[in-house]
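Asker: generate a structure from the sequence data that follows.
(chains A and B)
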Amino acid sequence: MSDERHDQEIKQANRMRGKKHLKTTREISQIVKDYYAERDRKGRHPGQKVAWCGVAVPKPPLQAMEVLAYYPEQYGTVVATRGDPQRFLSVAESYGLSREMCGYARITIGYILEGLPEDAPLGGMARPDMLIVTTAVCDTRVKWWELMGELLEVPVYILEAPEMPPPGRSGAVISAADMESAGIQIGRRDAPHTTLFAAQNYVGLIKFLEAQCGKPLDQKRLAEINQASARVSQIRREINEYRKAIPCPMGSADAFAAMFPGMYMPGTPLADDFYTRLRAEVRERMERKLGIISEERYRLVWSGIPFWYNMGLLNYFEERGGVVVIDTAYGCAAQRSGNPKREPGRWGINGMVASVIKAVVDYNCDGAILSYTPTCRALYINQLEIQNTLREELGVPSLLLESDMVDASSFSEAQTLSRIDAFIEVVEEKARRRDWTPAGAKIPE
Amino acid sequence: MSEVMAPFREVLADRHGWIRRYKSETGRRVAGFFCDYVPEEILWAAGLTPIRITAGRGNVIAADKHLQSNVCSFARRCLDQALEGVYDYLDALVIPHTCDVMTKMYDLWAYRLKGPSFIHYVWVPHKVFDPDAIGVMSGELKRLQKCLEEWTGTPIQDSALQEAIQIYDRSRSLLKRVYELRRTNPPGISGAEAFSIALSALLSPKDRFNSWVEAFLAEREDKPSNQDSRPRILISASVLDDLDLVRAIEAAGAWVVADEACTGSRYFWDLVGEVQGNPLPALVRRYLNKLPCPRSVGSLAPRSEHLFHLVRDYQVDGVIFYILRCCDAHLFQYPILHQRLQSAGSRILYLQGDQTVGINEAVVNRIKAFVEILQE
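Answerer: Predicted coordinates for the structure are as follows:
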């Protein structure tokens, strides 16, 4: 056995699988499997098209056009958790993509260069007829999608979403009703042309889909899906509202798993049914004061993408008296609740930083875990500023945990756990000496 | 060494000191800008002297508190210098949205630094060749103009913009003539001389720069080359704001005859052209249609075409890609460009760029080995 293979096996054995606490979230694994099994359906609907889309591409038009959508970023997590990511990462590296580049991108490019093999995890993604991505959040994806377009020789649509920084020099502005957890600001009042451009691009997306699918968009169907999708988002917000409760009825170990239907199939009856049942379960737990752990000594927020190959890290905190009660990367934030004793003077350099500060305040958190994937600039470029702002404005400690989101070879479990242990000591001490009163959850009617 | 090179040498020997002295002598306000998507003509017409923010080479200390090491060394160095007060002489700063890192540079500079008093963000579309991009770019340039007018208290007249465009286009044409001198084999001037001039264009007022280049060309144009024949190299770089790499290549026994860099040919290759009436549409067209940064959608074809044109017209033997670590836009296009150039017969060397270190011995050895291969 080669040393490399041996190391790989040790890493696989050490992999910490996440433990879910809720009944409903245990269904997710099957939902994801079924989603990928849909590739077999391709061809059953004459003319049905397949698109590979970036996360944050609006789903309702795709659903209304009956486009079978796959998400390369999501597929990157599938390969990371269910397969051997090195298989595709090494192909991408041989092609010329260096290790400092996005892990999700390298997996997908490797998968393409391997010829979309049938034996890829969950059967892989069906060959696309088109590629769609948005410029929101991450510029890198624009280049990644263009490269996929070159390699697959299919048309690419780039949906522009002009992200604007906060006006003035005081950083992010948070309103009482602010609900956008990711903190992305598309367009700005003093630059209406940017908002118009975003709208033109949305119209462009519809035209692109119509041309690729060879049929007009059914506006009535789109309106229905938009409505269904909005309802799903509302249910997800309510669930996140309940997570403010002490003890926390649903932590991030369950929440990260539960984001799949909301992220990738929001306007569907399946998503509606799933979140309706999840909401009932979380609400019941909250009303019975049933927490993730019996005695919640400290509460944490998670910023960034989790380490998909090691979701057990989230449970590790639970074994040591704490819960990761909220995560900020995947949207659907609850309404601002605030805490008069903890309002910061400034919210940080931008909305993405502010979204974490806000979560710390609204969810009564004592500390923050800031995951840090060196291959991802878009999501992680703010992490140090989140750390700075938490310290400056709230005196809240945070821990930067470095690892790649898909490449387990970058992860040192022993080192990570010893850093977490040291961090927990600091957070527990802080939590014991809280000089603020935790606010309760608002129960929607 | 030729006296006509003296002004460029002076600027590059102490780029910040030079502009500080210029500012105190002339009383003109100085505006910094990043990348090559900020229409400097508008700044010039507002009575400002635009200079490019550059990173140079050196350690990063202060910026490590704000940006992790997965951010390119260019951005980290620039922020580090700003935090250390190197850019305290700026009166204004304009930062375009060219990549996620530049957007963050704006966020950090606006929030963490007290100066300069005018700071502005220009959102530049990715789809620069899309017809709808004209509207959003026009809106952004008008917004820049309006904000500058409010800040200076003086309206920018069309005539001032037209004059600025003439001065800037003159610089671009002069720079092209300087680069033309390297088409011959052997080249009429060295790569270090040509790149000194190109870098000075970023760091000095264009009216003075133009007179320096005119004097240079008067002495060096139409003169037979007195250089020896060596392998001819093109540098394709993400950003290259000092002479170290060019000097290292030429010290290894080759000529740098062309570049594809935002601090070199991409900066000046395209003109605004003749303008009558409102100059803004012409500026919008120029900045959208210019030789693109790889961050732009659809940039692969024009970049590829430009590279092939340079390889052919400048009789290039080898291409050195100098891509800063973590510069995603360049890194994603590199494999295809590599493949295309190699298929067409070019020899290629890839160097990972890092502005926190100099061109060290390991890099020099790789360059020497590459030049030796080209000499075979």
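
Asker: residues in contact with the residue in the stretch 1-150 of chain B positioned nearest to chain A?
Answerer: Of all residues in the stretch 1-150 of chain B, B:Gly139 sits closest to chain A, at 2.7 Å by Cβ to the nearest Cβ. (C-beta placed from N, C-alpha, C; glycine too.) With contact taken as Cβ atoms under 8 Å, 6 or more residues apart in numbering or on different chains, B:Gly139 is in contact with A:191-194, A:196.

Asker: near chain B, which of those show up?
Answerer: Near chain B, judged by Cβ under 8 Å from any Cβ of the partner chain, the entries from the contacts of B:Gly139 are A:191-194, A:196.

Asker: still on that earlier bit, by neighbours, which of the contacts of B:Gly139 wins?
Answerer: A:Thr194 (24 neighbours; other Cβ atoms under 10 Å in any protein chain shown).

Asker: look at that one and report its pLDDT.
Answerer: The confidence metric pLDDT takes the value 97 at A:Thr194.

Asker: what's downstream of the helix or strand it falls within, the next helix or strand?
Answerer: In the assignment (DSSP states H and E), A:Thr194 maps to helix A:192-213. Per DSSP H and E, helix A:192-213 leads on to helix A:219-242 as the next helix or strand towards the C-terminus.

Asker: would you mind listing the buried residues in whichever helix or strand comes after that following helix?
Answerer: Next helix or strand after helix A:219-242 toward the C-terminus (DSSP H and E): helix A:252-264. Neighbour counts using 16 or more other Cβ atoms under 10 Å in any protein chain shown place A:252-264 of helix A:252-264 among the buried residues.

Asker: if we can go back for a sec, may I see the buried residues of the helix holding A:Thr194?
Answerer: Within helix A:192-213, the residues that count as buried by 16+ other Cβ under 10 Å are A:193-198, A:200-202, A:204-206, A:208-209, A:212-213.

Asker: what's the closest non-adjacent residue to B:Glu40?
Answerer: Excluding the flanking residues, the one nearest B:Glu40 by Cβ to Cβ, 6 or more residues apart in numbering or on different chains is B:Pro50, at 4.1 Å.

Asker: pull the contacting residues for the residue of chain A found nearest chain B.
Answerer: Closest residue of chain A to chain B, Cβ to the nearest Cβ: A:His193 (2.7 Å). The neighbours of A:His193, taking Cβ under 8 Å, 6+ apart as the test, are B:135-136, B:138-140, B:143.

Asker: likewise for A:Asp404?
Answerer: A:103, A:307, A:373-375, A:410-411.

Asker: which strand or helix spans it?
Answerer: Of the helices and strands defined by DSSP H and E, none includes A:Asp404.

Asker: and it, backbone torsions?
Answerer: Dihedral pair for A:Asp404: phi -80, psi 150, per degrees, to the nearest 10.

Asker: from B:Cys99, how far off is it?
Answerer: A:Asp404 sits 21 Å away from B:Cys99, going by Cβ to Cβ, to the nearest Å.

Asker: list the buried residues of stretch A:278-293.
Answerer: Those would be A:278-279, A:281-283, A:285-286, A:291-293, for stretch A:278-293 by 16+ other Cβ under 10 Å.

Asker: cool, and stretch A:412-427?
Answerer: A:413, A:416, A:420, A:423-424, A:427.

Asker: pLDDT score for A:Trp179?
Answerer: Careful, residue A:179 is Met and not Trp. So A:Met179 comes in at 60 (pLDDT).

Asker: still on that earlier bit, pull out the buried members of the contacts of A:His193.
Answerer: Buried, going by 16+ other Cβ under 10 Å: B:135-136, B:138-140, B:143, out of those.

Asker: how close does the nearest residue to A:Pro162 once chain neighbours are set aside sit to A:Pro165?
Answerer: Once flanking residues are discounted, A:Pro162 sits nearest to A:Thr194: 3.8 Å by Cβ to Cβ, 6+ apart. Relative to A:Pro165, A:Thr194 is positioned 12 Å away (Cβ to Cβ).

Asker: can you check A:Val91 too?
Answerer: A:Val91 is 38 Å from A:Pro165, where distance means Cβ to Cβ.

Asker: give me the more crowded residue out of these two.
Answerer: Legend: neighbour count by other Cβ under 10 Å for A:Val91 and A:Pro165, higher for A:Pro165 (22 against 18).

Asker: what sits against the more buried one?
Answerer: With contact set as Cβ under 8 Å, 6+ apart, A:Pro165 has these partners: A:185, A:350, B:103, B:106-107, B:110, B:121.

Asker: any idea which of those residues is closest to B:Arg172?
Answerer: For the contacts of A:Pro165, the closest approach to B:Arg172 (Cβ to Cβ) belongs to B:Tyr121, at 25.4 Å.

Asker: can you give me phi and psi for that closest one?
Answerer: phi -110, psi 130.

Asker: nearest residue to it in space, please, no chain neighbours.
Answerer: B:Tyr121 sits nearest to B:Tyr106 (Cβ to Cβ, 6+ apart), 4.7 Å away.

Asker: OK, contacts around the one you found?
Answerer: A:165, B:95, B:119, B:121.

Asker: pretty sure the last one contacts B:Met102?
Answerer: No. Counting by Cβ atoms under 8 Å, B:Tyr121 does not reach B:Met102; the two are 9.2 Å apart.

Asker: now do the helix or strand containing B:Arg143, average pLDDT.
Answerer: Using DSSP H and E, B:Arg143 maps to helix B:133-152. Helix B:133-152 carries an average pLDDT of 98.

Asker: next secondary structure element downstream of it?
Answerer: On the C-terminal side of helix B:133-152, the closest following helix or strand by DSSP H and E is helix B:158-180.

Asker: show me what that next one is packed up against.
Answerer: Here helix B:158-180 touches helix B:40-45, helix B:191-203, helix B:206-220, helix B:265-268, helix B:280-289, going by 3 or more Cβ pairs under 8 Å, 6 or more residues apart in numbering or on different chains; DSSP states H and E.

Asker: any buried residues in the longest one, and which?
Answerer: If I follow you right, that is helix B:206-220. Buried residues in helix B:206-220, counted by 16+ other Cβ under 10 Å: B:206, B:209-210, B:212-213, B:216-217, B:220.
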